[in-house]
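Undergrad: have a look at this fold, sequence not included:
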Ligand SMILES: C[S@@+](CC[C@H](N)C(=O)[O-])C[C@H]1O[C@@H](n2cnc3c(N)ncnc32)[C@H](O)[C@@H]1O
């Protein structure tokens, strides 16, 4: 359903011929191609998800000179139905360290905590913090 909607939007935007849509379990994903931009946005799940190993694979998919962009929650909204995480959600700096992006092969371009005001489903208001990590793989 989501992929059909996305494909429809791509069609309307005239970029359908430039996109391949894939539906798969990222837990077993190993990239066969490298890309100039690999983006993972709010990759969180209420069910088991090996987030760090998925993001390690995402980093492996970045071509020399390309970028990895990972945005995620540093906290869940109070009305979230996510179970309490067993470990605190990582900051961008903690994630960069976990993914080995502080090595000489990478340049960290953005490592930030970003607050934003949000409104919940019942009209509740609050402030959320997102982690933003952007890194460039240096040319080999
Ligand atoms: C919080 S949603 C974010 C969706 C979108 N990136 C966004 O920012 O609106 C998390 C997404 O991760 C996907 N997801 C969770 N575990 C996954 C897995 N093992 N393989 C593939 N996708 C997964 C879910 O299906 C869901 O679409």
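TA: Here it is on my side, so go on. No experiment lies behind these values; they were computed from the predicted model shown.
Undergrad: all contacts plus neighbour counts: C-alpha atoms, from now on.
TA: Will do.
Undergrad: what residues are up against the residue most central in space within the chain?
TA: The chain has residue 40 as the residue nearest its centroid, 2.2 Å off, counting by CA atoms, centre = their mean. Going by CA atoms under 8 Å, 6 or more residues apart in numbering, residue 40 touches 55, 69-71.
Undergrad: quick check: it is in a strand.
TA: Yes - counting by DSSP: H, G, I helix; E, B strand; the rest coil, residue 40 is located in a strand.
Undergrad: so which of the contacts of residue 40 sit within helices?
TA: residue 55 (DSSP state H).
Undergrad: need the residues of the chain near the ligand, please.
TA: With CA under 6 Å from any ligand atom as the criterion, the chain meets the ligand at residues 24-27, 41-45, 49.
Undergrad: could you dump those to TSV with secondary structure?
TA: Output for the residues of the chain next to the ligand, formatted as TSV (three-state DSSP):
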residue	secondary structure
24	coil
25	coil
26	helix
27	helix
41	strand
42	coil
43	coil
44	coil
45	coil
49	coil
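Undergrad: for the chain, what's the longest helix?
TA: Using DSSP H, we find that the single longest helix of the chain is helix 2-13.
Undergrad: sec struct for residue 116, please.
TA: Assignment for residue 116 (three-state DSSP): strand.
Undergrad: count the residues that sit near it.
TA: Residues contacting residue 116 under the criterion other CA atoms under 10 Å number 9.
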